[in-house]
Structure formats: structure tokens, C-alpha cells
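Q: Predicted model and sequence follow; I will ask about them next.
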Amino acid sequence: MALAHVHHFPFVLRPLRVAALAAALHHAAGALAFVLLPLGIWLFDTSLTSSLSFDRFTAAFTAGIGVLPGWTVRLLVAALAWALAAHALLGLRLLWLDARVQDVGGRGARASAQLLLAALALLAVLALALALRVVR
């Protein structure tokens, strides 16, 4: 059977376009930020309440919180920071594309998606390295 009619296959079997991958990543980053935001709010509140709670805040990154070890807390905070940055940058890209309606399917959309995906991959590697204390 020849695969001449690829458009008959389900969406999952076809490779995603770069712009579609960027749009899907925008939604995934928003969902991840939504799930991890309570941790971020709690850490922010703990850091500002008093000097004793600030000590508890800093200890969360080394000793951990409850059953979570410190490296897990650092990893979750890095994931929250990455998700917020990714969601914001990809959202700004979508707003830019909405303002330039004539270029939605063109080279500008593809190039901006490629640039942002590369930058977000680099940001993810940096966040992971910082969370696991590979670099200081």
C-alpha cells in the first residue's frame, strides 16, 4: 500500500509543523504553570512573612518540604519558572502573529516558532542545570 494520501492518516501519525508544535507547547506550558502555581505562591508567601519563615523558605531548597527532598523542590521551582517564561514568550508570539494576519502561514511564523523553540530548549537546559546545581 502506497502512502500517497498521507492526509488520510490520523493527526497523530503526521509530523507536526513547527508552528503547531509551538502552539501545543504554549498550551502545555500554561497547564504546567497552572498546576505548579500554588507551590510558587506558597514559597513567595513563606519568603515574605517573617525572618523565621524566610529561613524555612531557604531550607526548603536544601532540606526539602515534607516528603519531597530539596532537589525535587528546586526542580519543581525551575519547572514553574520555565513554564511561566515559555507560556509568556509563546503567548507574545501568538499576539504578534495576530497583529500580522497576512503572515500567519508564512516564513515569519515558522521562523519565530523555530527561534522560540530553540530558545526555550536552551532555557530548559539552563533551568535544569541550575536546579540540579550543575552550575552556580
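A: On my side now, so go ahead.

Q: so where's this protein uncertain?
A: For the chain, the stretches with pLDDT under 70 are 1-16, 101-106, 134-136.

Q: give the contact list for the residue positioned nearest the centre of it.
A: Nearest to the mean C-alpha position of the chain, by Cα atoms, centre = their mean, lies A83 at 2.8 Å. Counting by Cβ atoms under 8 Å, 6 or more residues apart in numbering, A83 makes contact with A29, G30, L32, A33, L36. (C-beta placed from N, C-alpha, C; glycine too.)

Q: now the strand or helix carrying the last one, how far from the centre of its chain.
A: L36 is part of helix 18-49 when elements are defined by DSSP states H and E. Relative to the chain's own centre, helix 18-49 is displaced by 7 Å; criterion: Cα atoms, centre = their mean, to the nearest Å.

Q: Quick check: what element follows that helix along the chain?
A: helix 51-60.

Q: Which residues are in contact with A88?
A: A88 neighbours (Cβ under 8 Å, 6+ apart): none.

Q: secondary structure element for it?
A: Going by DSSP H and E, A88 is part of helix 70-99.

Q: which parts of that helix are buried?
A: By neighbour count on 16 or more other Cβ atoms under 10 Å, the buried set for helix 70-99 is 73-87, 89-90, 93-94, 97.
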